[in-house]
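Peer 1: Coordinates only, no sequence provided:
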């Protein structure tokens with residue numbers, strides 16, 4: 001049976017402890033048995049916690065609860081490592097993940113993609129950025145010159161735009177290891193890094209264009225203190241993933257909810273579009289795991305570089321095979 005509320009709170013706390021290397025206890029007996037759970041737990045990344053993200057997401061979760069006929073409870077985490085491990089530990093059922101943690105959830109947490117997000121401008125991609133304090137005079141050439149001159153903020157290890165994209169597109173092609181390039185390197189989420197750059201604690205940090213939008217909306221004074229000095233090629237937008245072992249009827253209800261939300265005409269559709277607009281989205285579009293292949297290619301490129309640095313011939317060969325496989329898939333796409 002689904003864990004009662006007190007036990008579930010303990011289980012959620014255990015999932016958070018996983019981020020520090022503590023083993024999580026399992027849960028979700030109903031899901032294991034193939035039946036529907038008594039409630040659906042939805043993972044949401046929130047660097048500033050439930051107080052800031054909760055009001056933005058709660059209307060969507062309330063609408064989802066009405067559509068699927070079950071309570072939908074949020075699970076807020078400050079980084080993707082916590083959230084992926086919570087899904088792996090069967091503490092959560094559905095998640096809003098950026099591309100790299102979505103791949104991790106597919107590989108490790110028995111998850112599948114059902115939809116991808118589309119922003120208010122109709123785009124289903126975004127860019128990783130490098131940010132500095134406005135007026136600092138720091139240029140991209142100066143950053144890439146290294147020399148342990150700057151304090152640098154990189155993203156969560158599972159972050160697509162905070163770590164994977166800048167390594168794949170900016171640092172790896174130039175043979176730059178951040179730990180050897182910068183005076184100090186600190187790993188944190190986008191919001192924390194942005195505040196540190198704005199206040200002068202960090203000289204330069206990774207971020208993304210989505211975070212820029214949220215900062216401009218929620219913390220305009222901080223946003224005004226930041227400027228971008230680099231943008232990556234487009235990265236697939238975030239997606240909605242759920243556990244493959246959920247009850248099939250429930251999975252279809254969840255899929256239908258996202259793919260129809262905010263669509264059509266009338267007052268209710270307009271209200272739903274307002275909920276999406278507060279999240280900086282316009283709709284959810286149908287997707288499967290293949291939309292993540294551009295990011296899988298970045299992961300394979302990263303693994304290839306690491307294997308070459310270690311002198312691991314077997315790992316180099318495996319990474320090269322994976323890169324070739326992914327590139328061949330890209331070449332045959334229309």
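Peer 2: In hand now; what should we look at? Since we're looking at a predicted model, the values are computed, not measured.

Peer 1: so who does the closest residue in space to residue 230 that isn't next to it in sequence touch?
Peer 2: The shortest distance from residue 230 to any non-neighbouring residue, by CB to CB, 6 or more residues apart in numbering, is to residue 130 (4.0 Å). Any C-beta I mention is one placed from the backbone N, CA and C, and that applies to glycine too. Neighbouring residues of residue 130 by CB atoms under 8 Å, 6 or more residues apart in numbering: 140, 143, 166, 170, 204, 205, 206, 207, 228, 229, 230.

Peer 1: Give me the secondary structure label for the second one.
Peer 2: Okay, so that is residue 143. Put simply, residue 143 is helix when judged by DSSP: H, G, I helix; E, B strand; the rest coil.

Peer 1: For the stretch 201-334 of the chain, which segments are assigned as helices?
Peer 2: 209-218, 220-223, 248-260, 267-278, 293-310, 313-332 (DSSP state H, counting those that start in this stretch).

Peer 1: returning to that earlier point: now name the helix or strand holding the residue nearest to residue 230.
Peer 2: strand 128-133 (DSSP states H and E).

Peer 1: what are the pairing partners of that strand, and which direction each?
Peer 2: Applying DSSP bridges to the sheet, strand 128-133 is found paired with strand 204-208 (antiparallel), strand 226-231 (antiparallel).

Peer 1: Can you pull out the residues in contact with the first one?
Peer 2: The one in question is strand 204-208. In contact with strand 204-208 (CB under 8 Å, 6+ apart) are residues 126-132, 138, 143, 150-155, 159, 161-163, 166, 190, 193-194, 196-197, 226, 228-229, 235.

Peer 1: measure the residue nearest the centre of the chain to residue 179 for me?
Peer 2: In the chain, the residue lying closest to the centroid (CA atoms, centre = their mean) is residue 98, at 2.7 Å. Distance check for residue 98 against residue 179: by CB to CB, to the nearest Å, it reads 24 Å.

Peer 1: re earlier: show me how to select, in ChimeraX, the buried members of the contacts of residue 130.
Peer 2: Selection of buried members from the contacts of residue 130 for ChimeraX, criterion 16 or more other CB atoms under 10 Å:
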select :143,166,170,204,205,206,207,229,230
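
Peer 1: isn't there a strand covering residue 92?
Peer 2: No - counting by three-state DSSP, residue 92 is not found in a strand; it is coil.

Peer 1: any chance you could map the strands in the stretch 1-150 of the chain?
Peer 2: Here the stretch 1-150 of the chain has its strands, by DSSP state E, counting those that start in this stretch, at 40-45, 72-77, 94-97, 111-119, 125-126, 128-133.

Peer 1: Out of these, which gets nearest to residue 253?
Peer 2: strand 40-45 (9.8 Å; CB to CB).

Peer 1: Does anything pack onto the closest one? Which helices or strands?
Peer 2: helix 50-68, strand 72-77, helix 80-88, strand 94-97 (3 or more CB pairs under 8 Å, 6 or more residues apart in numbering; DSSP states H and E).

Peer 1: List of residues touching that strand?
Peer 2: Residues contacting strand 40-45 (CB under 8 Å, 6+ apart): 53, 57, 61, 64-65, 68, 70-80, 83, 86-87, 91-98, 189, 250, 254.

Peer 1: Also stretch 109-120?
Peer 2: Residues outside stretch 109-120 that contact it (CB under 8 Å, 6+ apart) are 84, 87-88, 95-96, 102, 105-106, 124, 126, 210, 236-245, 251, 254-255, 258-259, 277, 280-289, 291-292.

Peer 1: 6 Å instead?
Peer 2: 87-88, 105, 124, 237-245, 255, 258, 280-285, 287-289, 291 (CB atoms under 6 Å, 6 or more residues apart in numbering).

Peer 1: got the buried residues for it?
Peer 2: 109, 110, 111, 112, 113, 114, 115, 116, 117, 118, 119.

Peer 1: likewise stretch 143-158?
Peer 2: 143, 146, 150, 151, 152, 153, 154, 155, 156, 158.

Peer 1: And for stretch 73-85?
Peer 2: Neighbour count says stretch 73-85 has 73-85 buried, by 16+ other CB under 10 Å.

Peer 1: got TSV for the residues you listed, with distance to residue 40 too?
Peer 2: Formatted as TSV, these follow (distance: CB to CB, whole Å):
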residue	distance to residue 40
73	7
74	10
75	10
76	15
77	16
78	22
79	22
80	20
81	22
82	19
83	15
84	18
85	18
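
Peer 1: where's the dip in pLDDT among the residues you listed?
Peer 2: Ranked by pLDDT, the buried residues of stretch 73-85 bottom out at residue 78 (84).

Peer 1: Look up how far residue 158 lies from that one.
Peer 2: Counting by CB to CB - residue 78 and residue 158 are separated by 12 Å.

Peer 1: distance of residue 101 from residue 295?
Peer 2: In terms of CB to CB, residue 101 sits 10 Å off from residue 295.
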